[in-house]
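Novice: Sequence and predicted structure, then a few things I'm wondering about:
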Amino acid sequence: MPCIEVGDSVVAKGREALEIAIRVIEGNEKWGAKVVYGDTDSVFVLLKGKSKAEAFDIGEEMAKVVTEMNPKPMKLKFEKVYLPCILQTKKRYVGYMYETRDQVKPVYDAKGIETVRRDGIPATVKMLEKTIRILFETKNLSDVKQYVLNQFRKLQNGSVSIQDLTFAKEF
């Protein structure tokens, strides 16, 4: 039988630990950090203007400081750096992910956005992922616009595979 009181207590302590972690992270002027998202099991921290190396240094230090504040076995684990990253909403983000400081080539990582969802058409997935990659690599909206316009021209000309425009979902 579930014990609702125990579940509620765990959630409340998790929320309390998260709020304390956010205050500590944002209160340290040396880090210059802003928590842009936090829930029961993760915190996204914006380190505006910082390099990848600085982000790893600060992230590791944050995890150490927050972990030392919490009773064992609670631990804040530093996982990765996204550079660049777009955080759309809760549990919907995309970025170039670095899991180690010596990693040279980032990994494209997307959660919850149309590039990883299965309820759309393949053309949307391909086009959105390519526009994001162009934006991340060139930081030039004109390049993104040119790519999108070219894709729309292909659609108008009928030179896109019908499979890319077909919903293929089981019912």
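Specialist: The structure has been received and is ready for your questions.
Novice: Would you check how far apart Leu76 and Gly14 are?
Specialist: 12 Å (CB to CB, to the nearest Å). All C-beta spots, glycine's among them, are computed from the backbone N, C-alpha and C.
Novice: Any chance you could list residues touching both of these two?
Specialist: Applying CB atoms under 8 Å, 6 or more residues apart in numbering, one finds that no residue jointly contacts Leu76 and Gly14.
Novice: Among these two, which residue is more densely surrounded?
Specialist: Set Leu76 next to Gly14 and count neighbours by other CB atoms under 10 Å: Leu76 wins out with 22 against 14.
Novice: what's the spacing between that one and Ala123?
Specialist: 40 Å.
Novice: what does Glu137 give?
Specialist: 21 Å.
Novice: out of the two, which sits in the more crowded spot?
Specialist: Ala123 (17 against 11).
Novice: Which helix or strand contains that one?
Specialist: Using DSSP states H and E, Ala123 sits within helix 122-138.
Novice: Glu79 should be in a strand, yeah?
Specialist: No. According to DSSP: H, G, I helix; E, B strand; the rest coil, Glu79 belongs to no strand; its state is coil.
Novice: Three-state assignment for Gln88, please.
Specialist: strand.
Novice: Contact partners for it?
Specialist: Val94, Gly112, Ile113.
Novice: Most neighbours among those, which one?
Specialist: Val94 (26 neighbours).
Novice: roughly how far apart are that residue and Leu87?
Specialist: From Val94 across to Leu87, the span is 9 Å (CB to CB).
Novice: repeat for Ala17
Specialist: For Ala17 relative to Leu87 (CB to CB), the value is 21 Å.
Novice: List the contacts of the strand or helix carrying Phe56.
Specialist: For Phe56, the host element (DSSP H and E) is helix 52-69. Helix 52-69 is contacted by residues 20-21, 24-25, 28, 31, 33, 45, 47, 50, 74-78, 81, 83, 98, 101 when judged by CB under 8 Å, 6+ apart.
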